[in-house]
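> Kindly return the folded structure for what I paste below:
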Amino acid sequence: MSGTPGHPQRSEHRVTESPAGRVTVTIDGRTVADSDDVIRVDEDGAPPRYYFSRDAVKVDQLDRSAATTTCPFKGTASYYTVTLNGRRYDNAIWSYEEPYDERVALKGRMAFYDDQHPRIRVVARGAAASPSVD
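Okay, the predicted model is just below:
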């Protein structure tokens, strides 16, 4: 069982990581990330999330916002505002800069908040391997 701070209270909660295959992200039809070096995270109660290496994310401007959230299973997330084609997408990307040890593979990777920004589209084209359960 995982040793994250959330597991003593919710030992049944599952967070799994697996290779995602090729995943593409578009904003307003413009490709801003396209990579086969993507980690898929499946977590109880949340949609699948895809974490890209930072150098795979290509936007006009990326600014760290003041927003943070803390997940008891992954750590503290930092948020970023994207500017693309003159349009701002507040807190559209997040990253775990210092995740818990059990989630070290996510360190510095970036995920897109496509369910909060309808102009962001995430398409997974590769079949994910069987998730590893921690």
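> Low-confidence ranges, the protein, go.
Scanning the chain with the threshold set as pLDDT under 70 gives 1-3, 7, 126-134.
> Just give me the residue closest to the centre of it.
What sits nearest the mean C-alpha location of the chain, by Cα atoms, centre = their mean, is residue 111, with 2.5 Å.
> Tell me the helices and strands packed up against the helix or strand where that residue lies.
Assigned by DSSP states H and E, residue 111 belongs to strand 110-112. If contacts are counted by 3 or more Cβ pairs under 8 Å, 6 or more residues apart in numbering; DSSP states H and E, strand 110-112 sits against strand 49-52, strand 87-96. Heads up, the C-betas are built off the backbone N, CA and C, glycines and all.
> Check the offset of it from the chain's centre.
In terms of Cα atoms, centre = their mean, to the nearest Å, the centre of strand 110-112 is set 4 Å apart from its chain centre.
> What about the nearest residue to residue 88 once chain neighbours are set aside, how many residues nearby?
In space, and not counting its chain neighbours, residue 88 is closest to residue 81: 5.9 Å by Cβ to Cβ, 6 or more residues apart in numbering. If you count neighbours by other Cβ atoms under 10 Å, residue 81 ends up with 17.
> What segments of this structure are strands?
Secondary structure of the chain (DSSP state E): strands at 15-19, 23-27, 30-35, 38-43, 49-52, 61-71, 75-84, 87-96, 110-112, 120-124, 132-133.
> which residues sit against the longest one?
Just to be clear, that refers to strand 61-71. 6, 76-84, 90-91, 93-94 (Cβ atoms under 8 Å, 6 or more residues apart in numbering).
> distance of the nearest residue to residue 75 once chain neighbours are set aside from residue 36?
Leaving aside its chain neighbours, residue 75 sits nearest to residue 99 (4.1 Å; criterion: Cβ to Cβ, 6+ apart). Using Cβ to Cβ, to the nearest Å, residue 99 is found at 22 Å from residue 36.
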